[in-house]
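Student: Test case, fold it:
(chains A and B)
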Number of protein chains: 2
Amino acid sequence: MKPSHSIQETHDVAQVARRARRASRLLATLSATRRDEVLIAAAAALEQRRDEILAANDLDCDAATVEVEAGRMSRAMFDRLKTSARGVGAMAEQVRGVARLPDPLNRMLTATKLDDDLILHKVSCPLGVVCVIFESRPDVVPQVVSLALKSGNAIILKGGTEAAHTNAALVQVWHELFQSFGDIPVDAVSLLHTREEVGQILALERDIDLVIPRGSQAFVRYIGEHSRIPVLGHGEGVCHVYVDSAADLEKAAAIVLDSKVQYPAACNAAETLLVHGDVAENFLPASVGRLRAAGVEVRGCSRTISLAGTNDIVPATDDDWAAEYSDLIISIKVVDDTEEALAHIDAYGSRHTETIVTEDAATARHFMTSVDAAGVFHNASTRFADGYRYGLGAELGISTGKLHARGPVGLEGLTTYKYKLFGNGQVVSTYASGERAFKHQPLSQSTTDKSKEEK
Amino acid sequence: MKPSHSIQETHDVAQVARRARRASRLLATLSATRRDEVLIAAAAALEQRRDEILAANDLDCDAATVEVEAGRMSRAMFDRLKTSARGVGAMAEQVRGVARLPDPLNRMLTATKLDDDLILHKVSCPLGVVCVIFESRPDVVPQVVSLALKSGNAIILKGGTEAAHTNAALVQVWHELFQSFGDIPVDAVSLLHTREEVGQILALERDIDLVIPRGSQAFVRYIGEHSRIPVLGHGEGVCHVYVDSAADLEKAAAIVLDSKVQYPAACNAAETLLVHGDVAENFLPASVGRLRAAGVEVRGCSRTISLAGTNDIVPATDDDWAAEYSDLIISIKVVDDTEEALAHIDAYGSRHTETIVTEDAATARHFMTSVDAAGVFHNASTRFADGYRYGLGAELGISTGKLHARGPVGLEGLTTYKYKLFGNGQVVSTYASGERAFKHQPLSQSTTDKSKEEK
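Tutor: Sure thing, here's the model as predicted:
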């Protein structure tokens, strides 16, 4: 396969967005069966054209090798860029997995009889056009394209230049498939490459409905501050484990260790441990010992330092309470009571995931109701905060915003709803005059709005 | 009652927001019964203190009379400002109406057994702190305060200076009530007055979760462009009625008339009529006649002008297709088919509400699935797009955004959700190692999460 022409092409980004919107109108009318057929065919096409994809990836990797040797690209970035026969196979499997998920569209959310022959349905539907901005990892392409198509959305991808050949080869597979299907518009998937195009995208709020930035925290924040389009992404993950006075200390030590060390770079890893003063003396020496044995640097408040029974604890500063280390470092604070723990979490937490360890049900309930976070856990590791572990089937990202989608976001995050009103010529003046009154009867509803679906 | 000191006080807005956030943490733990008790007591207190509220309103109206006479305030604004004994009674009734609504909190949205003894609940909860920015109408105060408290949110009100005494008197009623209750923080409701404070509010994204601007379109747009906090509001309402070739023309004429004239200033009034070419000759003369008889100015495309059988149609320009007249003016375009109607709506509609009039079920289905709007109606007036008519019980506003809340927004728009995970000491490493596998069983769920509620 020759490298796709779309690599060199300069795009009129506004045109791309307008065409994507037109395509989205067609995608919204496809049946669930048809959408799944596309995904299943795409998985097979990815496998069949594996060698072309790998050849394109080799081109990117050759260029990247030069960058790594010149010290302009990190080894980690190179590793994320590089794919393999197994990698392409995993992409295909992931697309099949998305096809198997339940249809997120045409779900009947409420049904109300406003009056005889005047029925209101609130029904889930696609957002329209979604833009995903990402770096290096080519496996993002089949993943987010399949999630977008499953949910009836057109998608604009903005990948990194370092993966331009690989991304173009992957998108080419989808484009040729759409052409063979006939009823799927090619503009359902568009690929952009340059950094300048990002700025243009963020102003197209009329044609693009959602931007999903995937990358560093600074990058996500930049997009959030410069976009006129709603952004789904997460800022920080400053998660806490609070060990209450009524905690089972063995459970507590295991949860603290797992929350910190199981994968410290993840946003759902714990950064700060809060320990109730009544159990600090019993709990800290053993728990700190296990953390230290796992290679964790410990930064503590003065009470932690005096109680932990080790002399290698760094005094914690105010910056430590606000830090997302994303590394084998933990800060520890001894608190007087649950209220002090709640106030600390309110002041320093990022509203991602907060865990209480306690055997007291009332304290757990109070903590879980009071804490303002996407996830509030009782006697479980913060690391469970994840779309796969929650059973969402596929994760688009984790949102620390509270509107639209919160916490791990699956397919539902790519949908909105519309109100469908089925009348028989009714006008409002009949009701305003008192001639007729609304009935407003909730209807027992089937879970999907199949009768209204097309094709 | 002496005018509340809060009129003169200058506020540290960041402090107000921080105290509101602290209050919101307490409000989140109140039971539904307790929240309703506050509302019912507030309704009685408003009635009991009617004379104080009217005295404060007189002060505002005296000052406003000077402004109106000097030509600095419109008569319409004065009318919105002025309240009466009946007005205060209506406020109290509205608060009681909110108390009667079903509890929007602690609704169990999903329940999943991740594994034995590891249960995940997705539960509705308050947003936290909501800020409502409004002008003149003092009845906004009891309405939005009661909606906020019903949904467990703290609220920051920014009213107009012209209603400062009235708003302060109303807020005073709530504040004294909270003090008598003991468990309701006074900071649950705060009142700001100056325009400068608005700018400060919009940067406090850490402590305020949602801003709801109520006022002119230009004002709502200004807030949207300057806020770092999510905004719930609506921009334009450019709604269409499409009369299909298979329309019942009598129904069509009635729907067009109602959509335009029943209340032309409303955002859900129709601005443009699209008529299929096959029925234009039969439909337009009678329909235009009824519109003209109702005092509606008609602006039409060339085919409309030649077919309407009247010589007083103004030629429509491109600006007309994009205009929200909010007045007794309608633009009319003859289209060749449904696709042209859909393309016109896509180009000029504001995604608010779109109606098709047809007896052809397949065409209606296609229109309703294809059109990207909060409301898609079949054989019904656009004027039905309204929280009261939809049976939501109370309307916070209408959203033309697609994320979070879309269309008429009720109490649900003031809630988000959190994931509550109930474990027994589980850690992720057990699952990562393959020692245990997730079960991910959906649990049959009760509709509320009562067992987890406090007090």
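Student: all contacts plus neighbour counts: C-alpha atoms, from now on.
Tutor: Will do.
Student: Which other helices and strands does the helix or strand that contains residue A:298 contact?
Tutor: In this assignment (DSSP states H and E), residue A:298 forms part of strand A:297-300. Helices and strands touching strand A:297-300, as assessed by 3 or more CA pairs under 8 Å, 6 or more residues apart in numbering or on different chains; DSSP states H and E, comprise helix A:277-293, strand A:314-315, strand A:329-335.
Student: can we see that at 6 Å?
Tutor: Judged by 3 or more CA pairs under 6 Å, 6 or more residues apart in numbering or on different chains; DSSP states H and E, strand A:297-300 is in contact with strand A:314-315, strand A:329-335.
Student: What strands line up against it, and which way round?
Tutor: strand A:314-315 (parallel), strand A:329-335 (parallel) (DSSP bridges).
Student: highest average neighbour count across the helices and strands packed on strand A:297-300?
Tutor: Mean neighbour counts were compared across the helices and strands packed on strand A:297-300 using mean count of other CA atoms under 10 Å in any protein chain shown; the top stretch is strand A:329-335, at a mean of 25.
Student: Any chance of the strands paired with strand A:297-300 in a markdown table with mean pLDDT as columns?
Tutor: Below are these laid out as a markdown table (pLDDT from 0 to 100):
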| stretch | mean pLDDT |
| --- | --- |
| strand A:314-315 | 96 |
| strand A:329-335 | 98 |
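Student: can you tell which of those is closest to residue B:162?
Tutor: strand A:329-335 (47.8 Å; CA to CA).
Student: Toward the C-terminus, what is the element adjacent to the closest one?
Tutor: Sequence order places helix A:338-348 as the next helix or strand after strand A:329-335, per DSSP H and E.
Student: model confidence over the helix or strand hosting residue A:254, on average?
Tutor: Here residue A:254 sits within helix A:249-261, counting by DSSP H and E. Averaged across helix A:249-261, the pLDDT comes to 98.
Student: Which residue does chain A have closest to chain B?
Tutor: The minimum distance from chain A to chain B, using CA to the nearest CA, falls at residue A:404 (3.7 Å).
Student: Show me how far the strand holding residue A:298 is from its chain's centre.
Tutor: Once both centres are worked out by CA atoms, centre = their mean, to the nearest Å, strand A:297-300 turns out to sit 30 Å from its chain's centre.
Student: cool, stretch A:251-270 as well?
Tutor: For stretch A:251-270 - counting by CA atoms, centre = their mean - the centre lies 20 Å from the chain centre.
Student: elements contacting the longest helix belonging to chain A?
Tutor: In chain A, assigned by DSSP state H, the helix with the most residues is helix A:50-69. Contacts defined by 3+ CA pairs under 6 Å, 6+ apart place helix A:50-69 against helix A:164-181.
Student: near chain B, which residues of chain A?
Tutor: Within chain A, the positions adjacent to chain B are A:25, A:251, A:255, A:258, A:369-370, A:374-381, A:391, A:403-404, A:418-427, A:440 by CA under 6 Å from any CA of the partner chain.
Student: if we can go back for a sec, what's the residue of chain A closest to chain B sitting at in phi/psi?
Tutor: Dihedral angles phi and psi of residue A:404 (degrees, to the nearest 10) take the values phi 70, psi -90.
Student: before we move on, back to that, helix A:277-293 and the helix holding residue A:254, what's the angle between them?
Tutor: Counting by axes from the mean of the first three to the mean of the last three CA atoms, to 10 degrees, helix A:249-261 points 50 degrees away from the direction of helix A:277-293.
Student: Give me the residues contacting helix A:249-261.
Tutor: A:269-270, A:287, A:357, A:381-383, B:425, B:427 (CA atoms under 6 Å, 6 or more residues apart in numbering or on different chains).
Student: where do the strands sit along the stretch 51-200 of chain A?
Tutor: A:108-115, A:118-126, A:129-133, A:154-158, A:189-192 (DSSP state E, counting those that start in this stretch).
Student: what's the most distant pair in the contacts of helix A:249-261?
Tutor: Using CA to CA, the contacts of helix A:249-261 span at most 17.9 Å, a distance reached by A:287 and A:383.
Student: Neighbour count for those two, which is higher?
Tutor: Neighbour count, other CA atoms under 10 Å in any protein chain shown: between residue A:287 and residue A:383, residue A:383 has more, with 25 against 20.
Student: what sits against the more buried one?
Tutor: Per CA under 6 Å, 6+ apart, neighbours of residue A:383: A:259, A:268-269.
Student: Between those residues, identify the one with the most neighbours.
Tutor: Going by other CA under 10 Å, residue A:269 tops the contacts of residue A:383 with 32 neighbours.
Student: quick one: contacts for it?
Tutor: Going by CA under 6 Å, 6+ apart, residue A:269 touches A:259-260, A:383.
Student: again, but for residue A:421
Tutor: So residue A:421 contacts A:119-120, B:377 (CA under 6 Å, 6+ apart).
Student: What strand or helix carries it?
Tutor: Going by DSSP H and E, residue A:421 is part of strand A:415-426.
Student: Need the CA coordinates for the helix or strand that comes right after that strand. PDB is fine.
Tutor: Toward the C-terminus, strand A:415-426 is succeeded by helix A:429-432 as the next helix or strand (DSSP H and E). Extracted in PDB, the C-alpha atoms of helix A:429-432 (Å, rounded to 0.1, in the frame of the first residue of the first chain):
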ATOM      1  CA  SER A 429     -53.800  27.300  22.500                       C
ATOM      2  CA  THR A 430     -56.300  24.400  23.300                       C
ATOM      3  CA  TYR A 431     -54.500  23.900  26.600                       C
ATOM      4  CA  ALA A 432     -53.800  27.600  27.300                       C
END
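Student: Going by neighbour count, list what's buried in helix A:429-432.
Tutor: For helix A:429-432, burial by neighbour count (16 or more other CA atoms under 10 Å in any protein chain shown) applies to residue A:429.
Student: Contacts for that helix, please.
Tutor: A:436-437.
Student: For the residue positioned nearest the centre of chain A, what are phi and psi?
Tutor: Per CA atoms, centre = their mean, the C-alpha nearest to the average position across chain A is that of residue A:397, at 1.0 Å. Residue A:397 adopts backbone torsions of phi 160, psi 180, taken as degrees, to the nearest 10.
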